[in-house]
Each structure stands twice: as C-alpha cells, then as structure tokens.
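**Student:** Curious how this folds, go ahead:
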Amino acid sequence: MARETMLARALVELADNLVSDFDVTELLTVLTDRCVDVLDVSAAGIMLASPAGDLRVMASSSEEMRLLELFEVQSQEGPCLDCYNTGEAVVNVDLGDDPRWPQFAQRATAAGFRSVHALPMRLRGAVLGALNMFNVDTGQVRPADMAAAQALADVATIAIIQHRAAAEAKLLNEQLSGALNTRIVIEQAKGMIAQRHGVDMETAFTALRDHARAHNLRLADLARDVTDGRQDLATPGHP
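**Tutor:** Numbers count the residues shown, from 1 in each chain. Below is the predicted model:
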C-alpha cells in the first residue's frame with residue numbers, strides 16, 4: 001500500500017475517534033501505532049504535560065519504548081524533554097554522535113536504537129507534550145515523512161485542546177489528571193494479566209486493547225475492572 005494512502009487512512013482513523021467523549025489514552029496509542037506503520041521509524045511514544053507542568057508517559061508503540069520514555073522522564077534528560085521545553089522539533093539526531101544526553105543516549109543505544117526525533121504537540125503557542133520517534137538505524141528521515149509525523153501529532157493536539165475547551169479551568173485539570181491516572185490503572189492491569197497468564201507486558205497490553213475493542217469497552221474502564229477483580233481476560237492470543 002502506498003505510504004500516502006496509509007497516511008490518509010491513519011488521519012481518517014484518528015478523526016473517527018474524535019467523538020464527544022473520546023478516550024485520550026486510546027487516541028494517543030493509535031497515533032503511536034500509526035507512526036510506526038506509516039513512517040520510517042522503529043518505535044514511537046507520546047508524553048503529555050500534567051497540570052503541574054511535568055511530562056508523563058501517555059502512549060508507546062512497544063513496551064521497550066515505554067520503558068525508555070520512563071527513563072527519560074526520571075533522568076530529566078532526552079529529546080522529548082528538550083522538544084517540550086523549547087517548543088521546537090528535534091530531528092535526525094545520531095545518538096552516537098551527539099553529546100546532549102549522555103545517560104539517555106547510553107540507555108537508548110543499549111535498547112538497540114541509533115537515532116531519535118521529537119516533535120512538539122503544539123497549537124498556537126500552547127505546547128501540550130511531544131511525540132517521540134526512534135530508529136534502529138542512523139540517517140536522515142525524509143522531510144515528507146517528518147511533515148506527515150507532525151500532521152499526525154497536530155490532529156491529536158487539536159483534539160485534546162478542543163476537549164479541554166469544553167470545560168472550566170478546574171475541570172480541565174481534573175480531566176488531564178484523570179487521563180494521567182488512567183495510565184497508572186492500565187499499567188496495573190497489564191501487570192496482573194502478564195502475571196496471571198505468564199506473558200510479557202506488551203502481549204498483556206495487546207490482549208487488553210483487543211478485548212476492549214471486541215466488546216466495545218473503554219480501555220480505561222476495562223483496566224479498572226481487571227484491577228478490581230470484576231473482569232478476567234481469556235488467555236492472550238486466544239480471544
């Protein structure tokens with residue numbers, strides 16, 4: 001399938017998720033998955049700023065990517081933080097030839113990545129977070145691919161801003177805090193599924209998402225049911 005066609009389908013899929021009560025976590029997870037599908041990148045992730053201004057990991061295309069983003073937040077060093085703080089894109093960075101983030105570069109190369117990119121999730125001066133993209137190879141990403149990645153990030157940014165604009169400032173903070181707390185519940189559910197069925201965290205998350213989609217459930221609601229013991233999933237890979 002032509003890349004332009006895949007990009008168009010990804011944009012339509014994101015737009016289809018923009019209902020009045022859309023699931024922010026699911027929308028951002030779809031975005032990271034489509035970045036890997038459509039663009040010449042090996043992994044993608046998204047960080048959003050909390051009401052207090054600190055970045056939180058919200059979505060990742062793989063478990064390995066999630067752990068690397070968590071390290072970036074904990075060490076307060078890396079391309080996503082720079083991108084968020086400056087509002088400027090960080091592109092085509094060779095981790096073996098850039099001295100800006102020594103701890104992060106060491107951890108990323110140990111995970112098999114060689115180059116990184118980070119794009120701001122921004123609209124009219126407001127920066128909500130950043131989109132991270134990693135490659136296992138070095139080399140320049142095509143300008144057309146970078147423009148496509150920014151377009152995908154912009155769609156999600158517009159959606160989140162519109163979602164926020166529907167409420168008062170206090171409610172906005174509560175909603176964003178809720179979205180960030182949802183991530184914690186999802187991680188707990190993943191851990192329970194992984195332990196119960198003897199699978200890795202990535203397989204557990206895939207099972208959680210597949211079950212939610214198959215039964216028309218919100219990912220956050222299903223995760224809470226799993227952690228509260230009200231729901232048990234079939235063996236991952238056997239819906």
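**Student:** hang on, Ala118 in a strand?
**Tutor:** Yes. According to DSSP: H, G, I helix; E, B strand; the rest coil, Ala118 belongs to a strand.
**Student:** how many neighbours does it have?
**Tutor:** 24 (other C-beta atoms under 10 Å). Heads up, the C-betas are built off the backbone N, CA and C, glycines and all.
**Student:** With Thr5 instead?
**Tutor:** 10.
**Student:** Next one: it from Gln231, what distance?
**Tutor:** 37 Å (C-beta to C-beta, to the nearest Å).
**Student:** go on, Val116?
**Tutor:** Distance check for Val116 against Gln231: by C-beta to C-beta, it reads 37 Å.
**Student:** who are the neighbours in contact with the residue nearest in space to the middle of the chain?
**Tutor:** The centre of the chain sits closest to Ala59, judged by C-alpha atoms, centre = their mean, with a distance of 2.4 Å. With contact set as C-beta atoms under 8 Å, 6 or more residues apart in numbering, Ala59 has these partners: 25, 28-29, 31-32, 45-46.
**Student:** so which of those residues would you say is closest to Ile186?
**Tutor:** Thr25 (6.8 Å; C-beta to C-beta).
**Student:** so how far is the longest helix belonging to the chain from its chain's centroid?
**Tutor:** If you go by DSSP state H, the chain has its longest helix at helix 169-197. Relative to its chain's centre, helix 169-197 lies at 13 Å (C-alpha atoms, centre = their mean, to the nearest Å).
**Student:** what about the strands in the chain?
**Tutor:** 43-49, 55-60, 90-94, 115-123, 126-135 (DSSP state E).
**Student:** Between those, which one is closest to Arg183.
**Tutor:** strand 55-60 (6.1 Å).
**Student:** State the mean pLDDT of that closest one.
**Tutor:** With pLDDT averaged residue by residue, strand 55-60 scores 90.
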